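Asker: Structure for the following, please:
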Amino acid sequence: MIINDTTLRDGEQAPYVAFNTKEKITIAKMLVKSGANELEIGIPAMGNQEKKDIKELLSLGLGVRMMTWNRATMKDLEASIKCGVKAVDLSIPVSDLLIDIKFKGNKNKLLNNLKKTISEAKKEGLFVCIGAENSSRANIEFITEIMKLGHELGADRFRYCDTVGILTPLKTYNIIKKLSSLNLLPIEMHTHNDFGLANANALSGFEAGAISANTTVIGLGERAGNASFEQILMSLKHLYAKKIDIDSKSIRELSDIVSKAANIEIAPNTPIIGERLFFHESGIHADGVIKNKKAYEPFEAEEVGAKREFPIGKHSGSSTLLYHLKAVGIEAKRDVLRNLVPKIRKIVTKRKKVLNTNELIDYYKKYICL
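Answerer: Here you go, the predicted structure:
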């Protein structure tokens with residue numbers, strides 16, 4: 001199960017996002033440290049600065065395959081070759097809708113372009129991935145024809161693109177199972193999150209036989225974004241029990257770096273990296289976690305460099321109050337705390353803000369004196 005991260009290509013295509021060279025270098029290094037197997041690092045056809053950035057990234061010697069994205073044209077391919085890359089994605093539209101828009105319905109021209117570019121790329125000794133744009137709205141027979149052509153020409157991988165995020169996990173599984181059973185080309189998943197299913201569809205693709213998935217850090221990308229690097233990575237480790245070499249603690253640092261570079265805030269309840277992911281306010285949950293961390297946590301906060309906290313809020317119970325008072329050396333009585341709980345709930349509800357420990361101590365002492 002390969003993670004081919006495209007934060008530096010598709011991630012940067014998110015509206016209003018632009019990474020400078022320094023940010024790209026930092027992100028690339030952190031991606032590899034965190035566990036990415038491959039990186040898609042840019043589009044040479046964009047111009048000289050993009051080419052310079054790509055060359056800079058290639059010079060880092062990070063020990064993973066670095067790939068560029070190209071339209072299946074000789075001009076784009078030549079721009080990539082001049083950068084010194086050893087792997088390319090050659091993209092073509094495969095749905096009738098996009099073929100009409102981009103090629104005026106001329107499939108022969110599209111196929112000829114693909115033949116020329118794959119042949120030239122293989123002459124140069126490049127790893128070739130065929131990027132099938134809008135696969136999820138394409139005829140599966142045409143996709144099969146493309147895969148057969150790629151196989152005959154020596155292509156190395158086929159990227160199945162759910163370009164506008166319309167797949168469901170079951171549809172994904174059935175399609176990828178059928179395509180992978182053809183034994184033509186290894187399949188890579190490229191899923192978008194327009195209906196919130198990018199992660200589910202990427203993982204469903206793996207279950208059906210795909211060997212690779214594109215991700216972006218914090219799910220960055222066009223419209224609703226792509227499959228999330230950190231969520232897919234941790235899912236492979238914990239839900240699929242894959243022995244993958246990852247540095248979980250760097251994930252949070254990487255996410256913060258990308259968040260700042262993209263000027264996009266991370267929601268506090270974001271899976272894996274959210275600031276409040278290990279905050280337990282509910283009385284029943286807090287009581288369980290205080291007794292045993294595994295009670296209401298699928299993995300430990302420490303694994304991703306997070307903190308565990310027990311906010312004193314509307315839903316807190318006496319166990320939370322006891323926990324905080326005990327931490328400052330006060331051995332509180334449970335019957336007193338049970339009577340204090342409804343008063344604290346009323347205060348928090350009115351002011352819309354949790355109590356801090358000092359406020360709890362003050363309220364406890366005042367209640368004792370009553």
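
Asker: so who does Thr270 touch?
Answerer: By C-beta atoms under 8 Å, 6 or more residues apart in numbering, the contact list for Thr270 reads Ile218, Leu277. In this view, the C-beta of every residue, glycine as well, is placed from N, C-alpha and C.

Asker: And Ala301, by the same measure?
Answerer: With contacts defined as C-beta under 8 Å, 6+ apart, the neighbours of Ala301 are Leu277, Phe278, Lys307, Arg308.

Asker: Among those residues, name the buried ones.
Answerer: Of the members of the contacts of Ala301, the ones counted as buried by neighbours, 16 or more other C-beta atoms under 10 Å, are Leu277, Phe278.

Asker: how close does the closest residue in space to Ser235 that isn't next to it in sequence get to Ile3?
Answerer: In space, not counting the residues next to it along the chain, Ser235 is nearest to Leu203; the distance is 6.1 Å by C-beta to C-beta, 6 or more residues apart in numbering. Plainly put, Leu203 is 12 Å away from Ile3 if you go by C-beta to C-beta, to the nearest Å.

Asker: Touching, His280 and Val289? I think so.
Answerer: Yes - with contact defined as C-beta atoms under 8 Å, His280 counts as touching Val289 (5.1 Å).

Asker: Next, show the common contact partners of these two.
Answerer: By C-beta under 8 Å, 6+ apart, the residues touching both His280 and Val289 are Tyr296, Arg308, Phe310.

Asker: where are the low-confidence patches of this structure?
Answerer: Judged against pLDDT under 70, the low-scoring parts of the chain cover residues 369-370.

Asker: Quick check on the one residue sitting closest to the centre of it: phi, psi?
Answerer: By C-alpha atoms, centre = their mean, the mean C-alpha position of the chain lies nearest to Ser228, the distance being 1.3 Å. Geometry field for Ser228 lists phi and psi as phi -80, psi 130, criterion degrees, to the nearest 10.

Asker: Show me what the helix or strand that contains Ile344 is packed up against.
Answerer: Assigned by DSSP states H and E, Ile344 falls within helix 334-351. With contacts defined as 3 or more C-beta pairs under 8 Å, 6 or more residues apart in numbering; DSSP states H and E, helix 334-351 has these neighbours: helix 318-327, helix 357-369.

Asker: Distance to Arg65 and mean neighbour count added to those helices, as CSV?
Answerer: Output for those, formatted as CSV (distance: least, C-beta to C-beta, whole Å; neighbours: other C-beta atoms under 10 Å):
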stretch, distance to Arg65, mean neighbour count
helix 318-327, 48, 18
helix 357-369, 50, 14
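
Asker: related to what we said a few turns ago, inside helices: which ones of the contacts of Ala301?
Answerer: Cross-referencing the contacts of Ala301 against helices under DSSP state H gives no overlap.

Asker: Closest one to Lys249 out of the contacts of Ala301, please.
Answerer: Nearest to Lys249 among the contacts of Ala301: Lys307, at 12.6 Å, using C-beta to C-beta.

Asker: give the contact list for the closest one.
Answerer: Lys307 makes contacts with Phe278, Ala301, as judged by C-beta under 8 Å, 6+ apart.

Asker: Angles on the backbone of it, please.
Answerer: Backbone dihedrals for Lys307, given as degrees, to the nearest 10, come out at phi -110, psi 150.

Asker: I'd like the distance between it and Tyr323.
Answerer: For Lys307, the distance to Tyr323 equals 15 Å [C-beta to C-beta].

Asker: how about the strands in the stretch 101-250 of the chain?
Answerer: When assigned using DSSP state E, counting those that start in this stretch, the strands of the stretch 101-250 of the chain occupy the ranges 127-133, 157-162, 187-191, 212-215.

Asker: so can I have CSV of these showing mean neighbour count and distance to Ser181?
Answerer: Listed next are the strands of the stretch 101-250 of the chain as CSV, based on neighbours: other C-beta atoms under 10 Å; distance: least, C-beta to C-beta, whole Å:
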stretch, mean neighbour count, distance to Ser181
strand 127-133, 24, 17
strand 157-162, 26, 13
strand 187-191, 28, 11
strand 212-215, 28, 17
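
Asker: In CSV, list those strands along with distance to Lys82.
Answerer: Compiled in CSV, the strands of the stretch 101-250 of the chain are given as follows (distance: least, C-beta to C-beta, whole Å):
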stretch, distance to Lys82
strand 127-133, 17
strand 157-162, 23
strand 187-191, 25
strand 212-215, 24
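
Asker: Contacts only, for Pro271.
Answerer: Pro271 sits next to Ser228, Glu230, Gln231, Leu277 when contact means C-beta under 8 Å, 6+ apart.

Asker: So it lies in a strand, does it not?
Answerer: No - under DSSP: H, G, I helix; E, B strand; the rest coil, Pro271 falls outside any strand and is assigned coil.

Asker: Domain map for the chain?
Answerer: 2-262, 283-369 (automatic domain parsing).
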